[in-house]
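>>> Predicted model and sequence below, questions to follow.
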Amino acid sequence: MHFLEIENVVKQFAGHRALDGVSLNVPENSVYGLLGPNGAGKTTLIRIINYITAPDSGQVRLNGKRLMAEDVRHIGYLPEERGLYKKMKVGEQALYLAQLKGLSKQDARKALKFWFEKFEIQSWWNKKVEELSKGMAQKVQFITTVLHEPKLLIFDEPFSGFDPVNTDLLKSEILGLRDKGATIIFSTHNMETVEDLCENISLIHQAKVVLQGKVTEIRASFATHQYRICSSDPINTESFELIRLVQKNGIYEYNLRKSDSEQNNDFLKKLMLQTEIISFSEVLPSMNDIFIKTVKP
Amino acid sequence: MSKIALIIRREYTTRVMKKSFLLLTFLTPLLFAGMIVVPLWLSNIKDNVVKHIVVVDRTHLYNSVLKNNETYNFDFVDKPFEKVKTENLKKDEKDFTALLLISDDLSRNPKAATLYSDKQVNLELKTYIAGLLNKYVEQQKLSAYNIPHLKEMVDNSRTDIDIETIKWSDNGQDKEGSSELALAIGMISAFVIYMFIIIYGAQVMSGVVQEKTNRIVEVMISSVKPFQLMMGKIIGIALVGLTQFALWVILTFVIAFVAGKIIGSGVDISTLQQVNQLGMQTAVPTSGGNQLQQIFNLLHGFNFMEIISLFVVYFLGGYLLYASLFAAVGSAVDSETDTQQFSLPLTLPIIFAIYAAIYSAQNPDGPLAFWCSMIPFTSPIVMMVRLPFDVPIWQILLSLIILMLSFIATTWMAGKIYRTGILMYGKKASWKELLKWLRY
């Protein structure tokens, strides 16, 4: 079941085409990565999903139905460029934003209490936003994004400004929200977190989707048949393509490439005949490599 | 609560609770009241020091004429003028304020009196001496004609003509009118509208710029439509303006009343008259009570309910017309410093309007006044000047309808520009670009 379906969306601006026939399907209850270099059209797509701008053609369906203006209350959006009213108090501001999302004042207060306790930031309630550090403000913004329990969450670079401890906290919160039933779209340039969190991705480049699918499948499809083998003794590598050899602490670490036709087991058997194999694993390209390879001309 | 109501409430409360708003709101009426009360008070206390005037009278005719009063003491000396002057020069401590030299018979040579002093002689002293001498010389001349009862005849023939202006109201009734008062009421309300449009228009603009540079709009527009955000801000700030205006009116009355009570015992109306008469030497014998009564009668000649309610309507119309345009400008720029080049085309018509209002006041039914009170960009200000002079009802209605249609048009236009502008960063928009955004 796809929670969000985007079909052939086109958006033309005065000088350029921001989106050119983009289609993607976000499965329910999953984390979906929306990747792409700066200016690829991600923000425009996110704005279309948020009903901020309308597409010139194409359709957006939420839960099988065409996206309507009222649906935005089921969406939580944490924009990349985000801010708060500097002169307002944290609690007041959070209440205000929650009420704009359609929560009653009582419900908003209750939900805020829960999240402020969870993040242990109750003491910030009466502080002015300008007194907060960037990371602290980001935490408040995260809370205001998820407070109204949206079914669809869109995070644009959610970890910028966070230290590793808070990044981990936030990651686990995001996964927790997914487990509770939310569908999450995740836009970032940090490919490590994509590998950590996302099940599916779309890579948008120059207004078009250039790569789409499950993260595991994409990585496998970019595989170069490289294997990392660790052994206690040197191996005779004449019959293989040697890419790299590192020797440390009496262990030999080889990066080898086998021929496409050869089966893994046959390859391993050949090695096992020579020496004691400590470990054997396929080297998959990182999302970072894939990103650069796809986007670079 | 609907979203727009939430936005209005936030815009309103954050502004009204600001220290600067409270300070401005409560200090301005004090300032206004001070501007009226302090000069009165000063005129009341300044005369306590007795000033000495040395008189060298070569004719010896005027000894009895220059009488001492509580402010001025005249000392007649029988020394040559040069000697008095040199004696005075030697002393550090001057023992007189001024030296009056009368060198000849004033009835033959009216320019024979001269007043010397180290400092600029004040007008009051000069007027006082001139008044006494004038009166004396006049009497001398009259008695020289040798006609019995001539003085009484001259006094009798002297009349003060004060032209009363009576305005016919619609049902033919006489109303006492004062064109000076009408002018004052018109100019004051025109200035207040002018000030409010400029001040609160600029507040709308800087509010939009702040939201944009803060990137709070990004968060906001995922919950509310840009138009709601813009209108919420405009309406919220309009309410701030109305609140401030209402507080000013109330506070000014309260302060004026209280100050009147406190100072009223000290300052009587005659002081007021003295101040007035310094300039015009003629003494008009009007008792103070009558004058006040007269002002009240004149004020009754104006339809205040009509003027105040039209003031509110024109203020709102003019504000809405300009505020939405200011919002559009705010949305098009990236920082507060960039607003100037765009806001100039908006402030120019407002400044033009205040000049048009000043000229219209001289001829409230002339073509300039008529056309400027129809053009929506000037009508809120110019019409205020015309209102106390009774504008035909069809003109008021026509100008209000034009104003209303125009602010609907500008708000619609501004909404389109705003919608695109608030999400555009890093690009300094040109006027051409703004027009292009209209078609998005």
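That came through fine.

>>> helix or strand for the nearest residue to residue B:404 once chain neighbours are set aside, which one?
Among residues not flanking residue B:404 along the chain, residue B:317 sits closest, at 6.4 Å (Cβ to Cβ, 6 or more residues apart in numbering or on different chains). Every residue, glycine included, has its C-beta placed from N, CA and C. In this structure, residue B:317 is located in helix B:304-332 according to DSSP states H and E.

>>> Need the mean per-residue confidence for that helix.
Helix B:304-332 carries an average pLDDT of 88.

>>> Next SSE downstream of that helix?
According to DSSP H and E, the helix or strand after helix B:304-332 is helix B:339-362.

>>> In that next one, which residues are buried?
By neighbour count on 16 or more other Cβ atoms under 10 Å in any protein chain shown, the buried set for helix B:339-362 is B:339, B:342-343, B:346-347, B:349-350, B:352-354, B:356-357, B:360-361.

>>> Quick one: the residues you listed as a markdown table, columns for pLDDT too.
Below are those laid out as a markdown table (pLDDT from 0 to 100):
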| residue | pLDDT |
| --- | --- |
| B:339 | 81 |
| B:342 | 80 |
| B:343 | 84 |
| B:346 | 87 |
| B:347 | 89 |
| B:349 | 92 |
| B:350 | 92 |
| B:352 | 93 |
| B:353 | 92 |
| B:354 | 91 |
| B:356 | 91 |
| B:357 | 90 |
| B:360 | 87 |
| B:361 | 84 |
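
>>> restrict those to contacts with chain A.
With Cβ under 8 Å from any Cβ of the partner chain as the criterion, the buried residues of helix B:339-362 include none near chain A.

>>> what separates residue B:380 from residue B:350, distance-wise?
9 Å (Cβ to Cβ, to the nearest Å).

>>> same check, this time on residue A:164
Note on residue A:164: its distance to residue B:350, by Cβ to Cβ, is 55 Å.

>>> coming back round to it: which parts of the helix holding residue B:317 are buried?
Buried residues in helix B:304-332, defined by neighbour count with 16+ other Cβ under 10 Å: B:310-311, B:313-332.

>>> Among the buried residues of helix B:339-362, which one sits closest to residue A:250?
Nearest to residue A:250, judged by Cβ to Cβ, of the buried residues of helix B:339-362 is residue B:339 at 70.2 Å.

>>> coming back round to it: identify the contacts common to residue B:380 and residue B:350.
residue B:197 (Cβ atoms under 8 Å, 6 or more residues apart in numbering or on different chains).

>>> Regarding the spatially most central residue of chain B, what is its secondary structure?
In chain B, the centroid-proximal residue (Cα atoms, centre = their mean) is residue B:188; its distance is 6.0 Å. Following DSSP: H, G, I helix; E, B strand; the rest coil, we place residue B:188 in the helix state.

>>> again, but for residue A:22
Recorded secondary structure, residue A:22: strand (three-state DSSP).

>>> Residue A:51 too?
coil.

>>> From chain B, how far off is it?
Residue A:51 is 8 Å from chain B, where distance means Cβ to the nearest Cβ, to the nearest Å.

>>> quick one: contacts for the closest residue to that residue other than its chain neighbours?
The shortest distance from residue A:51 to any non-neighbouring residue, by Cβ to Cβ, 6+ apart, is to residue A:72 (5.2 Å). By Cβ under 8 Å, 6+ apart, residue A:72 lies in contact with A:50, A:51, B:222, B:223.

>>> tell me which element residue B:194 falls in.
Judged by DSSP H and E, residue B:194 forms part of helix B:179-214.

>>> between that helix and helix B:304-332, how big is the angle?
Here helix B:179-214 runs at an angle of 30 degrees relative to helix B:304-332 (axes from the mean of the first three to the mean of the last three Cα atoms, to 10 degrees).

>>> anything in helix B:179-214 near chain A?
Yes - for a cut-off given as Cβ under 8 Å from any Cβ, helix B:179-214 has contacts with chain A, namely B:211, B:214.

>>> Sort out which residues of stretch A:132-148 are buried, please.
Using 16+ other Cβ under 10 Å as the test for burial, stretch A:132-148 gives A:132, A:136-148.

>>> what residues does that stretch touch?
Stretch A:132-148 is contacted by residues A:73, A:76-78, A:82, A:84, A:90, A:93-94, A:97-98, A:101-103, A:108, A:111-112, A:115-116, A:119, A:121, A:124, A:129, A:153, A:155, A:158, A:160-163, A:166, A:170, A:173, A:177, B:219 when judged by Cβ under 8 Å, 6+ apart.

>>> In PyMOL, select just the buried ones from those residues.
Buried members of the contacts of stretch A:132-148 can be picked out in PyMOL with the line below, counting by 16+ other Cβ under 10 Å:
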select buried, (chain A and resi 73+76+77+78+82+84+90+93+94+97+98+101+103+108+111+112+115+116+119+121+124+129+153+155+158+161+162+166+170+173+177) or (chain B and resi 219)
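
>>> if I look at residue B:213, how far off is residue B:376?
Distance, residue B:213 to residue B:376, by Cβ to Cβ: 31 Å.

>>> Closest approach to chain A from the stretch 51-200 of chain B, which residue is it?
For the stretch 51-200 of chain B, the residue positioned closest to chain A under Cβ to the nearest Cβ is residue B:200, at a distance of 18.3 Å.

>>> count of neighbours near whichever residue of the stretch 151-297 of chain A sits closest to chain B?
Going by Cβ to the nearest Cβ, chain B is nearest to residue A:154 of the stretch 151-297 of chain A, at 8.4 Å. The number of residues packed near residue A:154 is 26, by other Cβ atoms under 10 Å in any protein chain shown.

>>> Now do the strands in the stretch 51-200 of chain B.
Ranges of strands within the stretch 51-200 of chain B are B:51-57, B:72-77, B:98-102, B:113-116, B:165-168, B:174-177, based on DSSP state E, counting those that start in this stretch.

>>> next SSE after the top helix by length along chain A?
Of all the segments of type helix in chain A, defined by DSSP state H, the longest one is helix A:164-179. Sequence-wise, the next helix or strand downstream of helix A:164-179 (DSSP H and E) is strand A:183-187.

>>> so what are the domain limits for the chain?
Going with chain A. In terms of domains, chain A is parsed into A:2-220, A:224-295 (source: automatic domain parsing).

>>> actually chain B
According to automatic domain parsing, the domains of chain B span B:3-31+B:179-438, B:49-155.
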